[in-house]
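>>> Show me the folded form of this:
(one chain, ligands or ions: 1)
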Amino acid sequence: MCPVKFRQRYIATLAACVKLSSDHHLHLHSTSILQHTTTPISPAFRGTSIMSKYGVMVMGPAGVGKSTFCTSLITHLQLNRRSAFYVNLDPAAEHFEHQPDLDIKDLISVEDVMEELQLGPNGGLVYCFEYLLANLDFISDALESLTEEYLIIFDMPGQIELYTHIPVLSGLVKFLTQSGALDVRLCAAYLIESTFVLDRAKYFAGTLSAMSAMMMLEVPHINVLTKMDLIKDQMRKKDFKRFLVPDTTLLEDDPAETIRKRMTVAVDVRSDDPGNKDALMSGATFQRLNAAIANLIESYSLVNYLKLDCTDEESVHAILSHIDDCIQYHEAQEPRDPPEEEFDDEP
Ligand SMILES: Nc1nc2c(ncn2[C@@H]2O[C@H](COP(=O)(O)OP(=O)(O)OP(=O)(O)O)[C@@H](O)[C@H]2O)c(=O)[nH]1
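Residues are numbered from 1 along each chain as shown. Alright, predicted model coming up:
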């Protein structure tokens, strides 16, 4: 059962959403006026579906730079006279450079859940998402009036379990993309830190989690290596290129031998147990397992990376272009032939 406090807060939020959507009508209207003063848009030049919606779900482990990327993306969109609708879905997030247009904390927060239900931070987060799934009108009420000019940006929490272990996100994605309902053309941007390439174990673990998210969500997907400014001085451009398309050779010539060292530690721990005669065999098994995983990643070519440096406008622009391609944003904005009836009245 849901604590009463959440339900009360939810009702208050619904009222706020009604206000928000009417505010956004105003904002929408002023955006359209702005566009019309410079580039008149005839109804025939509108997108294929009047109320198509476009969105990107920004995901990845804790601290990889999701919120920073969302901020840069919003700023970039605004500079290019495009509209963003920022949705914070991290029920523990505190500080924002751009205030969210919709914030899950107005529905439920991890802090309240932990206090009222005596759950830990991870259990609290899972509860928040289950609660969100049970109250999806919190999202649909806020999004339904948005038009195709908007890019809806979902800023997700960093707990990796959400993308790999439990099906709450796939439920949310299905709801957003369902045709006939919100019908959001959604793509996922999975972020990992570029500094992971200095530690092959982290890099492959990150790649696996990206792959897992791709398979779980089943929407167009881009993978991004963030904080490129941190790696610039540590690695030559040519050397870094190898990490954009992961392959098995990256395991074989690991200068720091991080994976082998970790395997040795695992084997050593098990060797302490005199009854464990298979410890060395386990080391070989780990090695084969690693090779098999690397082969899997390589042979299916599922994971490729784009580079992102949030301090560089060009870099943010390049990522936005990929997102636009994934969701076919520009196709919807392109001119289309006027309906045939419009010619019928002509002399
Ligand atoms: N140098 C550098 N630092 C960055 C960049 N992007 C983010 N950071 C820093 O990385 C830290 C984490 O960034 P956030 O944007 O909060 O990361 P997050 O993934 O949203 O974090 P969680 O919400 O806690 O999962 C902050 O200190 C940022 O300033 C970048 O492109 N370059």
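
>>> what's stretch 191-205 in contact with?
By C-beta atoms under 8 Å, 6 or more residues apart in numbering, the residues outside stretch 191-205 that reach it are 58-61, 63-66, 69, 206-207, 209-210, 223-228, 230-231, 234-235, 240, 243, 246, 250-251, 254, 256, 258-259, 262, 290, 293-294, 297, 305, 307-308. Heads up, the C-betas are built off the backbone N, CA and C, glycines and all.

>>> residues contacting the residue of the stretch 101-250 of the chain found nearest the ligand?
Residue of the stretch 101-250 of the chain nearest the ligand, by C-beta to the nearest ligand atom: residue 158 (2.5 Å). Taking C-beta under 8 Å, 6+ apart as the criterion, residue 158 is in contact with 60-64, 66, 90.

>>> For residue 182, grab phi and psi.
phi -70, psi -30 (degrees, to the nearest 10).

>>> looking at this, residue 246 is in a strand?
No: checked against DSSP: H, G, I helix; E, B strand; the rest coil, residue 246 lies outside a strand; its state is coil.

>>> okay but it is in contact with residue 298, surely?
Yes: Residue 246 lies in contact with residue 298 (C-beta atoms under 8 Å); the separation is 6.6 Å.

>>> Which of those two has more residues huddled nearby?
Each of residue 246 and residue 298 has its neighbours counted (other C-beta atoms under 10 Å); residue 246 has more, 27 against 17.

>>> Confirm residue 213 sits in a helix?
Yes: assignment of residue 213 by three-state DSSP places it within a helix.

>>> Tell me, how many residues neighbour it?
Residue 213: 24 neighbours (other C-beta under 10 Å).

>>> Which residue is the nearest non-sequential neighbour of it?
Spatial nearest neighbour of residue 213, excluding adjacent residues (C-beta to C-beta, 6 or more residues apart in numbering): residue 163 at 4.1 Å.

>>> Would you mind pulling the contact partners of the helix or strand where the one you found lies?
Taking DSSP states H and E as the definition, residue 163 sits inside helix 161-164. Here helix 161-164 makes contact (C-beta under 8 Å, 6+ apart) with 59, 122, 125-126, 129, 156, 168-169, 190, 209, 212-213, 216-217.

>>> before we move on, the earlier item: filter the contacts of stretch 191-205 down to the buried ones.
58-61, 64-66, 69, 206-207, 209-210, 223-228, 231, 235, 240, 243, 246, 250-251, 254, 258-259, 290, 293-294, 297, 305, 307-308 (16 or more other C-beta atoms under 10 Å).

>>> All good on my end, thank you.
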